[in-house]
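J.: Below are the sequence and a predicted model for it; my questions follow.
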Protein chains: 2
Amino acid sequence: MNKSEVPDEVINRLYIYARCLEGFREEGKKSFSSDDIADRLNIKSTLVRKDFSYIGTMGKRGVGYDTEEVLKEVNQIAFPIKERKVALIGVGKLGSALLNFYGFKTQGFKIALAFDKDRRKIGSEIRGIKIDDINNFKKRVKKEGIKIAIIAVPSEEVVNVIKEIKNSCIEAVLNFTPSYLSSLNNCSNDFIIRNIDLSSELARLSYYLSEKESTKRN
Amino acid sequence: MNKSEVPDEVINRLYIYARCLEGFREEGKKSFSSDDIADRLNIKSTLVRKDFSYIGTMGKRGVGYDTEEVLKEVNQIAFPIKERKVALIGVGKLGSALLNFYGFKTQGFKIALAFDKDRRKIGSEIRGIKIDDINNFKKRVKKEGIKIAIIAVPSEEVVNVIKEIKNSCIEAVLNFTPSYLSSLNNCSNDFIIRNIDLSSELARLSYYLSEKESTKRN
DNA sequence: GTAGATTTGTTATTATAATCACAAAGTGAG
DNA sequence: CTCACTTTGTGATTATAATAACAAATCTAC
Ligand SMILES: NC(=O)c1ccc[n+]([C@@H]2O[C@H](COP(=O)([O-])OP(=O)(O)OC[C@H]3O[C@@H](n4cnc5c(N)ncnc54)[C@H](O)[C@@H]3O)[C@@H](O)[C@H]2O)c1
Ligand SMILES: NC(=O)c1ccc[n+]([C@@H]2O[C@H](COP(=O)([O-])OP(=O)(O)OC[C@H]3O[C@@H](n4cnc5c(N)ncnc54)[C@H](O)[C@@H]3O)[C@@H](O)[C@H]2O)c1
C-alpha cells in the first residue's frame, strides 16, 4: 500500500483520529463503530470508513473496529518513527517552552540541538541541552543528521535564519514566526514548511464568532 | 457582500495573503500582480484572483493591485476587530510564553485574564495581568465580556477546563492540548474550536520527509 | 492613436473530496 | 436455522475547489 496514494486530507485527519482513539483507550473503550468516532468529531461516518479503507484498516461488519488495532495502524503512519531529532532556532520565551516540553518525547520527537545568537544565552543549558551559537548551525546539524528545524526567532530575524537553513542539510521546517514561508501547500522546492501563526488562529476564531453573530441577526 | 458566501478555504488563505502583503510592504513594494503573490506562495495566480474577487478586491487590468489597498481590505476581514480580549487558562511553560508575547497586541488581541489552579501561581502578576483562581473563571470572564479562551493546561486537565468553559459565556476556544476537542471543521454546537497540536505538526513534517524519500527511491 | 505586451475578472472545465446508497458480512434471539 | 438488526466497505453520485482559457481593460513606446 503506497502512502503517496493516500490524499493529504486523509493524512491530516489521521492525526485527529489518533487523538480520538487515544481518548477511547483512556475511557476503556475496547472497540468502536465508525459512528462513534464520527459523532465525536462532528463528521460523517462514511468519511471515517473511507479514510480507514485508504490506509487498509479493517473493521468487522456488524461489529466495528478494535481500538488498539486501529490505533496501532494509524500511529504507524502518523507517528512512524521512534525517535526523530529536531533542532530549535531561537531559545526565547516560546523556544524555552518548547525545549522544556516533555510531550514531544512521547510522540517520538527530541529537540536535540538548540541555537541562539544571544551571547548571554549561548553556553547555558536547558534540560540537558546546551544552547549553541547559531553560527555553528550547519556543522552541528549535519553531524547529528538532523533534518527538521523549528524556527522561534523574532520575525525580523527570519530572513537570516532561512539563509542558514538553506545552507544546511535541513529538509523540513516548523515556523512560528508570523511570516508565511513560501508555499501554502507546505511544500516549497527548497524544503517542506509548516507555518504556525497563533495570531491568525485567534483571528480565525474571532472571524467565526462575528459570522455566527451576523447569521443570528439575519 | 455577505461574508458567509466566502468559502472557508478562501478565508484561510486570507491570513496567508495578509502576511505576504505585509512582506511586500516591508520591501517597499507599492503594487503587485497576482503572479507576484502566487509565485511567493507556490500557488496559481488564478486562485489569487478568484480569492480576491470573493472579497471584492479590485485590481487594475494591465497593472495589478495596490499593496496598501488590498492589505486594508484583507485585514478588514481577517483582523477586523481593534481589540478583542481573550482569557488564558493554564499559566505554565506555554501559557507564560503566550502571556509574555507582545505580538498578539499588534494583531488586535489582548490576554486580559489568566487563570490557574496552582495556589503558588494564583495572585502573582505577569505583564500587569494578575493570575486568577480558575474557580473565579465564570464570574470574571462574564464581567469582562470575554468570548475567547486559550487552553494551555496538561491534557489530563482538559476535561475539567471544558466543564468550566461550557458553564460560562465563552464561545470560542484555542486548544493547545493534544486532545482534539470535537469537530474537525472547528465548529461544534457548543462552541467554535481550533486545536493546535504541535507534536502532530512535527509528525506531519516527518511524514512528508519519509514520503519524499520513498518517492525518490522509486 | 495604434500595436504589442500585461494583467485582470470571470466563465467553462477539470480535478478532488464528501456523501449517498446499498449489498455483504456479522450478531443474537428464539 | 431464520429473522431482524448492526455495521462495514465501496461504487455511484453530488458537491466543492482548483485550473484553464480568454475577452476586456490598461499601459508603453513610437
Ligand atoms: N512567545 C509566544 O508565546 C509566541 C506566540 C506566537 C508567536 N510567537 C512567535 O515566535 C517567535 C519567537 O517569539 P518569542 O516570544 O519567543 O521571542 P523572544 O524574543 O523571547 O525570543 C527570540 C529568541 O531568538 C533569538 N534570536 C534572534 N535572532 C536569532 C538568530 N538570527 N539566530 C538564532 N537565534 C536568534 C533571540 O536571541 C531570542 O532568544 C516570534 O516570531 C513570535 O512572533 C511567539
Ligand atoms: N510547553 C510547550 O512548549 C508545549 C508544546 C506543545 C503543546 N503543549 C501543551 O500545552 C499544554 C500546557 O503545557 P505546558 O508545558 O505549559 O504545561 P505546564 O505543566 O508547564 O503548565 C500547565 C499549567 O496549567 C495549570 N493547570 C492545571 N490544571 C488546571 C486547571 N484545571 N485549571 C487551570 N489551570 C490548570 C498548572 O497549574 C500549570 O501552571 C499541555 O497540554 C501541552 O501538551 C505545550
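T.: Thanks, I have it. The shown structure was predicted, so the numbers you read here are calculated from the model rather than taken from an experiment. Ligands and ions are numbered 1, 2, ... in the order given.
J.: When you work out contacts or count neighbours from here on, use the C-alpha atoms and nothing else.
T.: Will do.
J.: So the longest strand seen in chain A, near ligand 2 or not?
T.: Secondary structure of chain A per DSSP state E: the longest strand is strand A:109-116. No - Strand A:109-116 lies out of reach of ligand 2 by CA under 6 Å from any ligand atom, never closer than 11.2 Å.
J.: That strand pairs with which strands, parallel or anti?
T.: strand A:84-89 (parallel), strand A:129-133 (parallel) (DSSP bridges).
J.: Pull the residues that contact the following helix or strand past the last one.
T.: Same thing as strand A:129-133. Later in the chain than strand A:129-133, the nearest helix or strand by DSSP states H and E is helix A:137-144. With CA atoms under 8 Å, 6 or more residues apart in numbering or on different chains as the contact definition, helix A:137-144 has outside contacts at A:A87, A:L113, A:F115, A:K147, A:E164, A:I165, A:N167, A:S168, A:C169, A:I170.
J.: rerun that using 10 Å as the cut-off
T.: A:85-87, A:89, A:112-116, A:132-134, A:145-149, A:161, A:164-170 (CA atoms under 10 Å, 6 or more residues apart in numbering or on different chains).
J.: So which bits of stretch A:43-57 are buried?
T.: Judged by neighbour count using 16 or more other CA atoms under 10 Å in any protein chain shown, the buried positions of stretch A:43-57 are A:I43, A:S45, A:V48, A:R49, A:D51, A:F52, A:Y54, A:I55, A:T57.
J.: How about chain A: which residue is closest to ligand 2?
T.: In chain A, the residue that lies nearest ligand 2 is A:L98 (3.4 Å; CA to the nearest ligand atom).
J.: Surely that residue touches A:V86?
T.: No - counting by CA atoms under 10 Å, A:L98 sits too far from A:V86 to count as a contact (11.5 Å).
J.: neighbours around the nearest residue to A:I170 once chain neighbours are set aside, how many?
T.: In space, not counting the residues next to it along the chain, A:I170 is nearest to A:K147; the distance is 4.3 Å by CA to CA, 6 or more residues apart in numbering or on different chains. Taking other CA atoms under 10 Å in any protein chain shown as the neighbour definition, A:K147 ends up with a count of 21.
J.: And the one helix or strand A:Y15 maps to, how far out from the chain middle?
T.: When elements are defined using DSSP H and E, A:Y15 is found to belong to helix A:8-26. Between the mean C-alpha point of helix A:8-26 and the mean C-alpha point of its chain there is a distance of 13 Å (CA atoms, centre = their mean, to the nearest Å).
J.: Tell me which other helices or strands it touches.
T.: Judged by 3 or more CA pairs under 10 Å, 6 or more residues apart in numbering or on different chains; DSSP states H and E, helix A:8-26 is in contact with strand A:31-32, helix A:34-41, helix A:45-54, helix A:67-78, helix B:198-217.
J.: Is chain B within reach of the third one?
T.: Read that as helix A:45-54. No - for a cut-off given as CA under 10 Å from any CA of the partner chain, helix A:45-54 has no contacts with chain B; the smallest distance is 11.8 Å.
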